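# Build me a model from this:
(one chain, ligands or ions: 1)
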Amino acid sequence: MEKGVTNLSRFLLEEQRKHPEATGEFTILLEQIAFAAKIISSEVNKAGLVNILGKNESTNVHGEEQQKLDVYANRKMIEALDHTGKVCAMASEEEEDIIEIPDKYPKGKYVIVFDPLDGSSNIDVNISIGTIFGIYKRISEGFNGCREDFLQEGNKLVASGYVVYGSSTMFVYTTGVGVNGFTLDPSIGEFLLSHENIRIPEHGKILSINEANYHRWTPEIRDFVEYIKNIKERKYTSRYIGSLVADFHRNLLKGGIFLYPGDKSNPEGKLRLLYEANPMAHIIEQAGGMATDGHKNILDIKPEKLHQKTPLIIGSRFEVETYLKYMKKS
Ligand code: P6P
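Got it, this is the predicted structure:
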């Protein structure tokens, strides 16, 4: 009999059954993140209307005072996870320090890092934005989680994912056994399996870098970009949205390379290691691609600080390997 549509819950249950040791805790965490994504998606999709509606209603449908969307998204991620009993602490792009779980809730064995609404400056011009998350097993002892739990290398991630709020809202994640994508059907409020076992093309045709930074690039980066543009047998096209999740998602599906390198004024680049580069690097490797800071695999970097930055070069194997060879040569 033809298998009906697969929603996220069904997919998670079927994945869980493949691993007898699975406890189902992941399933709960991923479902709660998807729940938060639905709420955030609803608010993001009417962001433009707030100004119009703002005159009549300064609160949203839940009676909450209208907030900046990234602050709102941060609150929704925390509320979706803090009571589950699966998490002992969280870290967010929006919060200076780690987020402790209130005493009234049980603590669990996972910690979660997230950027609740990356690229939020693009909201006003209706450009796709996203939520990025990563899940680690705690390594500290004791009742509450602590900083040490968050300063693990990306290769210790047990799950990573993102939500892209674009022409449709998609939930894309990996638990280390491939990458799968789900598209939200807002008419039924369900994420439906739409992109099973995503693999990034070995070779791409998309070059994604902010060329306005050209004057700050090192000579090697300038040379590499020129080289890529002049590869005869492959006509690359330039695509840069300025929203990491959107640029990443497009390259994941179509292939290519995204670069946010360090430069003369920002040697560490702009993107954050814990909740931007690492989850994306985990996903790209699971989809057959690569991610580097220019010297080493992103997932092998030992974090020292919660909000530390890293150069990020990520995408199809051919392009990233070409970059590394080019850097070695020069
Ligand atoms: P630039 C958005 O502000 C963001 O953090 C990422 O989503 C995006 O990839 C990057 O910054 C864009 O930075 O300097 O090119 O505008």
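# how close does V172 get to the ligand?
Taking CB to the nearest ligand atom, to the nearest Å as the measure, V172 falls 16 Å from the ligand. Yep, even glycine has a C-beta here, placed from its N, CA and C like the rest.
# For that residue, which non-adjacent residue is closest in space?
Beyond its immediate neighbours in the sequence, the residue positioned closest to V172 (CB to CB, 6 or more residues apart in numbering) is G181, lying 4.4 Å away.
# So which elements touch the helix or strand hosting that neighbour?
Per DSSP states H and E, G181 falls inside strand 179-185. In this structure, strand 179-185 packs against helix 8-18, helix 25-44, strand 169-174, strand 190-195, with contacts taken as 3 or more CB pairs under 8 Å, 6 or more residues apart in numbering; DSSP states H and E.
# Spell out which residues of the stretch 151-300 of the chain are next to the ligand.
Selection of the stretch 151-300 of the chain residues close to the ligand by CB under 6 Å from any ligand atom yields 210, 242-244, 247, 270.
# brain fart, the stretch 1-150 of the chain
118-119, 121.
# quick one: which of the residues you listed is most hemmed in?
D118 (27 neighbours; other CB atoms under 10 Å).
# can you tell me which residues contact that one?
D118 makes contact with 93, 129-132, 243-245, 276, according to CB atoms under 8 Å, 6 or more residues apart in numbering.
# do D149 as well
D149 neighbours (CB under 8 Å, 6+ apart): 88-89, 111, 136, 138-140.
# what comes into contact with the helix or strand where S160 lies?
Secondary structure from DSSP H and E places S160 in strand 159-165. Contacts with strand 159-165, where a contact means CB under 8 Å, 6+ apart, come from 26, 29-30, 33, 37, 40-41, 44-45, 128-135, 169-176, 245-246, 248-249, 278-280, 282-283.
# For the stretch 151-300 of the chain, just list every one of the helices.
Assigned helices in the stretch 151-300 of the chain, in chain order: 219-229, 244-254, 278-286 (criterion: DSSP state H, counting those that start in this stretch).
# My error: substitute the stretch 1-150 of the chain in the last question.
Using DSSP H, counting those that start in this stretch, helices in the stretch 1-150 of the chain cover 8-18, 25-44, 47-54, 69-81.
# And those helices, which one averages the lowest pLDDT?
Mean pLDDT values for those show the minimum at helix 47-54, a mean of 59.
# At which residues are the strands of the stretch 201-330 of the chain located?
With DSSP state E, counting those that start in this stretch applied, the stretch 201-330 of the chain shows strands at 206-208, 237-238, 257-260, 290-292, 312-315, listed in chain order.
# Reformat those strands as TSV; add distance to D70, mean pLDDT and mean neighbour count.
Output for the strands of the stretch 201-330 of the chain, formatted as TSV (distance: least, CB to CB, whole Å; pLDDT from 0 to 100; neighbours: other CB atoms under 10 Å):
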stretch	distance to D70	mean pLDDT	mean neighbour count
strand 206-208	23	97	23
strand 237-238	28	95	12
strand 257-260	19	98	25
strand 290-292	24	98	23
strand 312-315	20	98	28
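# G288 contacts G204, doesn't it?
No. Using CB atoms under 8 Å as the test, G288 is too far from G204 to be in contact (11.8 Å).
# Those two - which one has more neighbours?
Under the criterion of other CB under 10 Å, the comparison of G288 against G204 puts G204 first, with 24 against 15.
# got the contact list for that one?
236, 251, 254-257, 315-316, 318-319.
# Which two of these have the greatest separation?
K254 and F318 (13.6 Å; CB to CB).
# ok, what's across the strand from T169?
With DSSP bridges as the criterion, T169 is bridged to Y165.
# ok, it touching D185?
No. Between T169 and D185 there is no contact under CB under 8 Å: 9.6 Å.
# more neighbours, the two?
More crowded of T169 and D185, by other CB under 10 Å: T169, with 24 against 15.
# Give me the distance between that one and the ligand.
T169 is 17 Å from the ligand, by CB to the nearest ligand atom.
# Look up the closest residue to I209, ignoring the ones flanking it.
That would be L259: by CB to CB, 6+ apart, it lies 4.4 Å from I209.
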